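Asker: Sharing a model that was predicted from the sequence below.
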Amino acid sequence: MHPEIRKASKQHYENQYYHYAFIEALKKYVNAVKVKSKKSNINERNLMQAAFNGLLKVTEKFKKPDGTDFDTSTLQNIEDAQKMLSEGIVVGGRHPLQHEGHDDLSQSGLFTEKDCLDMLSLLSHLFKRLEDANDAP
C-alpha cells in the first residue's frame, strides 16, 4: 500500500470501517492531484479529466533498461488509464458512497466492504503513478 494511502486510511481500516477508509484515502489522492496539477476550483471528475489529459504525464520519465523509448502507444495507454481510472474511482466509488447509505450499499452487495478494500489497492497504484508525474507548468 502506498504510504500516503496507508496513512490516510489507517485509523478507519484498523477499526474495520472500510467505507470510511476508502473515502479518506480518496480525499488524500484528490488533494494531491489538485496540488500537482495546480487546479483547485474544479469538481473532482473534471479535475481528473483535466489533470490527466496531458497536463500531468505519468510516463514521461521512463525508458527501457537499454535507454530506448517505449512505444508511443504503450505510453499513451498508461496515460489514458491514469485518467480513466482516476475519474472512475471518483464517479464509481466516492459518488455512490456520498449519495447512498453505507449499510444499504453493503447489504445489497452493490458496494461492499470488499469493494472498498479493492478501491484502496487501486488508489495505491494511482498515487504511485501520480508521484511519477511531472509537475504542472
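Answerer: Good, I have the coordinates. What you are looking at is a predicted structure, and each value in this text was computed from that prediction instead of being measured. Numbers count the residues shown, from 1 in each chain.
Asker: And the helices in the protein?
Answerer: Assigned by DSSP state H, the helices in the chain fall at 3-14, 18-37, 44-50, 72-89, 95-99, 102-108, 113-132.
Asker: what sits against His125?
Answerer: His2, Leu85 (Cβ atoms under 8 Å, 6 or more residues apart in numbering). Heads up, the C-betas are built off the backbone N, CA and C, glycines and all.
Asker: Now do Gly54, the pLDDT please.
Answerer: Predicted confidence (pLDDT) for Gly54: 86.
Asker: Pretty sure Cys19 sits against Arg94.
Answerer: For residue 19 the amino acid is His, not Cys. No: His19 lies out of contact with Arg94 (Cβ atoms under 8 Å); the separation is 10.5 Å.
Asker: list the helices and strands the helix or strand bottoming out on mean pLDDT in the chain packs on?
Answerer: Least confident element among the helices and strands of the chain, by mean pLDDT, DSSP states H and E: helix 95-99 (a mean of 91). Applying 3 or more Cβ pairs under 8 Å, 6 or more residues apart in numbering; DSSP states H and E, one finds that helix 95-99 contacts helix 18-37.
Asker: And the helix it packs on, what's buried?
Answerer: Neighbour counts over helix 18-37 (16 or more other Cβ atoms under 10 Å) mark 18-26, 28-30, 32-34, 36-37 as buried.
Asker: which secondary structure elements does it contact?
Answerer: Helix 18-37 packs on helix 3-14, helix 44-50, helix 72-89, helix 95-99, helix 102-108, helix 113-132, going by 3+ Cβ pairs under 8 Å, 6+ apart.
Asker: residues making contact with it?
Answerer: Residues outside helix 18-37 that contact it (Cβ under 8 Å, 6+ apart) are 4-5, 7-13, 40, 44, 47-48, 50-51, 55-56, 86, 89-90, 93-94, 97, 102, 105-106, 113, 116-117, 119-120, 123, 126-127, 130, 133, 135-136.
Asker: Right, I'll leave it there.
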